[in-house]
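*Asks:* next input, structure requested:
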Amino acid sequence: MTIILDPTASLVHDLAEPGPDAGVLRGKKIAIRIDMLWRSWDWVSEIWAEGLRAEGAEVTFWRSCGRTGREGEQAERDYGALLAQSDMAIVGLGNCGSCTSWTIADALTAAAAGIPTIAVATAHFEGLAHNLAKRGGRSGLRFHILPYPLDILPKEQVHDIARNHYRSFLRNFGVRSRLAEQSAA
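*Replies:* Residues are numbered from 1 along each chain as shown. The predicted structure is shown next:
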């Protein structure tokens with residue numbers, strides 16, 4: 001008897017739904033997870049944070065750094081504490097193999113906490129990000145995809161990209177706001 005294993009099979013416990021919509025932003029506490037590598041994600045998230053604050057949200061940034069040993073254990077506790085105090089999470093940036101893996105791992109952690117969550121990756125790593133979410137048991141994880149390459153661009157150009165993506169980001173996140181409604185029209 002020959003057994004054929006399918007490495008692309010779905011998990012029995014896969015969550016194909018994206019989880020709760022972000023809804024109205026006014027009064028919400030939003031965690032934005034950034035990392036130590038991608039200055040372009042710092043720039044994008046700064047622009048998006050301005051827009052979120054203008055909608056009445058409170059934004060807190062958390063920078064992912066050491067992920068192994070005692071430093072990693074502390075980072076996990078700190079991230080968990082932040083999520084416990086947050087109403088929603090924006091997690092990025094999937095822009096290389098390892099950072100895409102950590103982005104999705106942290107997005108899955110946020111989504112498992114029951115809060116609206118969106119992972120952000122660049123177009124070159126979109127497939128990997130979706131595959132990692134599926135293998136993590138949440139194929140329905142929300143995503144917003146930014147252009148690639150992003151990090152080699154000047155700050156002003158990245159700011160323009162961030163502004164141009166803001167409305168579609170809101171829509172992908174399930175935000176109910178004046179800007180999101182304008183982008184749907």
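
*Asks:* all helices of the protein, in order?
*Replies:* In the chain, helices defined by DSSP state H lie at 39-54, 69-84, 97-112, 126-135, 155-173, 178-184, listed in chain order.

*Asks:* can I get the fourth one in PDB, CA atoms only?
*Replies:* Yep, that's helix 126-135 we're talking about. Extracted C-alpha coordinates of helix 126-135, given in PDB (Å, rounded to 0.1, in the frame of the first residue of the first chain):
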ATOM      1  CA  GLU A 126       2.300  37.700  -0.300                       C
ATOM      2  CA  GLY A 127       2.300  34.000  -1.300                       C
ATOM      3  CA  LEU A 128       4.500  33.000   1.600                       C
ATOM      4  CA  ALA A 129       2.400  35.100   4.100                       C
ATOM      5  CA  HIS A 130      -0.800  33.400   2.900                       C
ATOM      6  CA  ASN A 131       0.800  29.900   3.100                       C
ATOM      7  CA  LEU A 132       2.100  30.600   6.600                       C
ATOM      8  CA  ALA A 133      -1.300  31.800   7.800                       C
ATOM      9  CA  LYS A 134      -2.900  28.700   6.300                       C
ATOM     10  CA  ARG A 135      -0.300  26.400   7.900                       C
END
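
*Asks:* which residues touch it?
*Replies:* Contacts to helix 126-135, defined as CB atoms under 8 Å, 6 or more residues apart in numbering, come from residues 10-11, 14, 94, 97, 100-101, 103-105, 107-108, 119, 121, 139, 141, 143, 145. (Glycine included, C-beta is placed from N, CA and C.)

*Asks:* tell me which residue is most central in this structure.
*Replies:* In the chain, the C-alpha nearest the mean C-alpha coordinate belongs to Ala119, at 2.2 Å (CA atoms, centre = their mean).

*Asks:* in the sheet, who's paired with Met88?
*Replies:* In this entry, Met88 is beta-bridged to Ile30, by DSSP bridges.

*Asks:* how many residues are close by it?
*Replies:* Met88: 26 surrounding residues under other CB atoms under 10 Å.

*Asks:* mind listing what it touches?
*Replies:* Applying CB under 8 Å, 6+ apart, the residues near Met88 are Ala22, Lys28, Lys29, Ile30, Ala31, Ile115, Pro116, Thr117, Phe173.
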